[in-house]
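# Quick one: sequence and predicted model below, then my questions.
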Amino acid sequence: MSKLINSYVCFLAITMLSLVLLVGNLSAYEGGDVSNGGTITGTVKIAGDAPAAKVLKVDKDQATCGHDDLPSEALMLSGNSIQNAVVSITNISKGKKFGAGTPSIDQKGCVFLPHVAMIPQGSSIKLLNSDDVMHNLHSWSMKNTAFNEGVAAHGNISKTFEFPETVKVTCDVHKWMTSWLIVQENPYYALTDANGNYKLEGVPAGTYTVQAWQESLGKTTQEVTVAAGGEAKADFGLEKKAKKKRKRKKH
Ligand SMILES: [Cu+2]
């Protein structure tokens, strides 16, 4: 009987391992040469009224961080156009080669530079501290190994991100400091410029799901069809979600 159970357990283990390997292979992106690739261009805008710009109160290490309030980068608008929105194809398995992403994030003048960094899955990123004060690096990741480490003045640490994920990184020493690290699973991603424009190039002909994401507004997707050598347009509107109001209990 126990022999039977043993072989059953063994069978289950092998089946599960095969499934894991299969799923792993399915999600792997294959990069190569794309002939006659198309482009996807467009603009990301805020739908509805633009909220008032926020400022960050600097109340620590002012000799290094300065005495003035800093402009919040949580939502950077020019009119209704959104800067620093991430536009990416979410369902492409084969296409152009995967290039290098943002090589490093710096903590300089007590802000993260850049505010939004994008790197390919499996690559390492250098986390620098160019300031005269100690900073901290606290990653709020779920899939990648989370870390919470101090980084000395003019020091640096290096971290590898294995899994596609949107990771918030903060400094626990200076609570106004926030950045976002976007670990991408394919090379089709772009950050919108100051006018909200983006461009994805070298896209093989096909129909794809294209996503626009912004840290304060969330994400939206649409289906986009690209012809060989063609230029497809896809504009996005992101809406500020109304804050949930708590219903008052009637007494
Ligand atoms: Cu800091």
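In hand now; what should we look at? Numbers count the residues shown, from 1 in each chain.
# S124 and N144: what is the separation?
Distance, S124 to N144, by C-beta to C-beta, to the nearest Å: 12 Å. (Each C-beta comes from the backbone N, C-alpha and C, glycine too.)
# Please identify which of these two sits among more neighbours.
N144 (18 against 12; other C-beta atoms under 10 Å).
# Would you confirm that the more buried one contacts F163?
Yes. N144 is within contact range of F163, at 5.4 Å (criterion: C-beta atoms under 8 Å).
# what sits in contact with each of these two?
V183 (C-beta atoms under 8 Å, 6 or more residues apart in numbering).
# Identify the bridge partners of Q222.
Residues in a beta bridge with Q222, per DSSP bridges, are V210.
# and it, what is it in contact with?
Q222 neighbours (C-beta under 8 Å, 6+ apart): 209-210, 234, 236.
# Show me which pair in those is furthest apart.
Maximum pairwise distance in those, criterion C-beta to C-beta, is 12.4 Å, between T209 and F236.
# Between the two, which is the more surrounded one?
F236 (26 against 13).
# List, one by one, the residues from the stretch 101-250 of the chain near the ion.
135, 171, 173-174, 177 (C-beta under 5 Å from the ion).
# neighbour-wise, which of these leads?
Ranking these using other C-beta under 10 Å puts H135 first, with 27 neighbours.
# and for S124 and N144, which residues touch both?
With C-beta under 8 Å, 6+ apart, S124 and N144 have common neighbours F161.
# what's near enough to touch D235?
D235 neighbours (C-beta under 8 Å, 6+ apart): 42-45.
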